[in-house]
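S.K.: Generate coordinates for the sequence data below:
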Amino acid sequence: MMNFDRVLFPVDFSDPCRRAAPFVRAVAKHFRSELVMFYVLQVPPPWYPPDAAPEFQSLADLDELRAQRRADLQNFLSEEFRDLAVRREMAEGEPAVQIVKSAQQENVSLIMMPTHGYGPLRVLLLGSVTAKVLDDAQCPVWTAVHTNELQAQPPERWRRILCAVELNTDALRVVRWAADLARTEGADLCVMHAVDEVDPDSTWPEESTREWIRETARQKLGAMLQDYVRGVDRRLAIEFGDPASAVRAAAMRREADIVVIGRGAANGPLGRLRTHTYAIIRQSPCPVFRV
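M.R.: Model (predicted):
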């Protein structure tokens, strides 16, 4: 049975973290998890250039800054988490590196952190702490866009789970994880795969081509999973379009509470989900588990 014994909640005292708090609380309360709230102090702050570090350290009282951040951490969301087992920890360094390191050292079952929703260009140029954690963390990562318009509200339990996979061997691992969660929660599980739209220059009739592609993909997916998804209400769905749009459409149509995706392959024709991971998260109408 699925269980999250210890949940790591990285915070930066921002509004996205506050909006993620009800989801974190729901998971920790439902699974009776120990919650580790984790803050990383960057010294010097990221807006200073690297060669300004000596000047910054000579001007700023770092001990005072550390003390202030520790106080902020102790007070952050204290009311929201008042009845939970919460341990508050602080580290210094590059946030993504320290988050992944802490997750390994603490042997956490799940990292829960929001994405700040920066646009694609900002992610390309500056990187994203959430994106780096998604790439590097070995444990599952829960994340969601910073919006109050999430389709799913923090549930006492998840009722509908959408698992998006590629047609490769990693699909088995991802579906096993999603199926275990579905069995634990008594949830409906739908397994989906996204395929490219039909080539408009094809000599085959478009509808015939779509149906052949859909049925071929469904058979392949069903054959891969028939021995691994038992005891759940399994449905297989083949969606057309780019992965992010297809996952969003399927999640909205099925009113999914959560979406589960895997790491995917880094390159090649079967690596589309990993390439589109951040886009899937940004467009998803509900939170996403990367496992």
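S.K.: for V86, phi and psi?
M.R.: Phi and psi for V86, reported as degrees, to the nearest 10, are phi -120, psi 130.
S.K.: Test my guess that it contacts K29.
M.R.: No - if you go by Cβ atoms under 8 Å, V86 and K29 don't touch, sitting 11.5 Å apart. Bear in mind the C-beta positions are built from the backbone N, C-alpha and C, glycine included.
S.K.: who's more crowded, these two?
M.R.: Higher neighbour count among V86 and K29: V86, with 19 against 15, using other Cβ atoms under 10 Å.
S.K.: Next up, the contacts around the more buried one.
M.R.: Taking Cβ atoms under 8 Å, 6 or more residues apart in numbering, we find V86 in contact with L35, V36, M37.
S.K.: can I get those in TSV with secondary structure, neighbour count and pLDDT?
M.R.: Below are the contacts of V86 laid out as TSV (DSSP: H, G, I helix; E, B strand; the rest coil; neighbours: other Cβ atoms under 10 Å; pLDDT from 0 to 100):
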residue	secondary structure	neighbour count	pLDDT
L35	strand	24	97
V36	strand	20	98
M37	strand	24	98
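S.K.: and those residues as TSV, adding distance to E239?
M.R.: As requested, the contacts of V86 are exported to TSV (distance: Cβ to Cβ, whole Å):
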residue	distance to E239
L35	35
V36	37
M37	37
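S.K.: So which of the residues you listed is the closest to L162?
M.R.: Taking Cβ to Cβ as the measure, L35 is the one of those closest to L162, at 26.0 Å.
S.K.: Tell me the one of the contacts of V86 nearest D136?
M.R.: Among the contacts of V86, and counting by Cβ to Cβ, the member closest to D136 is V36, at 17.8 Å.
S.K.: and that closest one, how far is that from A85?
M.R.: The spacing between V36 and A85, counted by Cβ to Cβ, to the nearest Å, is 10 Å.
S.K.: quick one on the thing from earlier: overlap in contacts of V86 and K29?
M.R.: By Cβ under 8 Å, 6+ apart, no residue touches both V86 and K29.
S.K.: Show me what the strand or helix carrying T209 packs onto, helices and strands only.
M.R.: T209 belongs to helix 206-225 when assigned by DSSP states H and E. Contact here means 3 or more Cβ pairs under 8 Å, 6 or more residues apart in numbering; DSSP states H and E; on that basis helix 206-225 packs against helix 170-185, strand 188-195, strand 233-240.
S.K.: Quick check: which of those is nearest to V108?
M.R.: Closest to V108 of the helices and strands packed on helix 206-225, according to Cβ to Cβ: helix 170-185, at 15.6 Å.
S.K.: buried stuff in that closest one?
M.R.: Counting neighbours by 16 or more other Cβ atoms under 10 Å, one finds that the buried residues in helix 170-185 are D170, A171, L172, V174, V175, W177, A178, A179, L181, A182, R183, E185.
S.K.: how about JSON lines for those residues, with distance to T277 and pLDDT added?
M.R.: Compiled in JSON lines, the buried residues of helix 170-185 are given as follows (distance: Cβ to Cβ, whole Å; pLDDT from 0 to 100):
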{"residue": "D170", "distance to T277": "13", "pLDDT": "84"}
{"residue": "A171", "distance to T277": "15", "pLDDT": "85"}
{"residue": "L172", "distance to T277": "19", "pLDDT": "85"}
{"residue": "V174", "distance to T277": "13", "pLDDT": "92"}
{"residue": "V175", "distance to T277": "17", "pLDDT": "90"}
{"residue": "W177", "distance to T277": "16", "pLDDT": "94"}
{"residue": "A178", "distance to T277": "16", "pLDDT": "93"}
{"residue": "A179", "distance to T277": "21", "pLDDT": "90"}
{"residue": "L181", "distance to T277": "19", "pLDDT": "94"}
{"residue": "A182", "distance to T277": "22", "pLDDT": "92"}
{"residue": "R183", "distance to T277": "25", "pLDDT": "89"}
{"residue": "E185", "distance to T277": "24", "pLDDT": "92"}
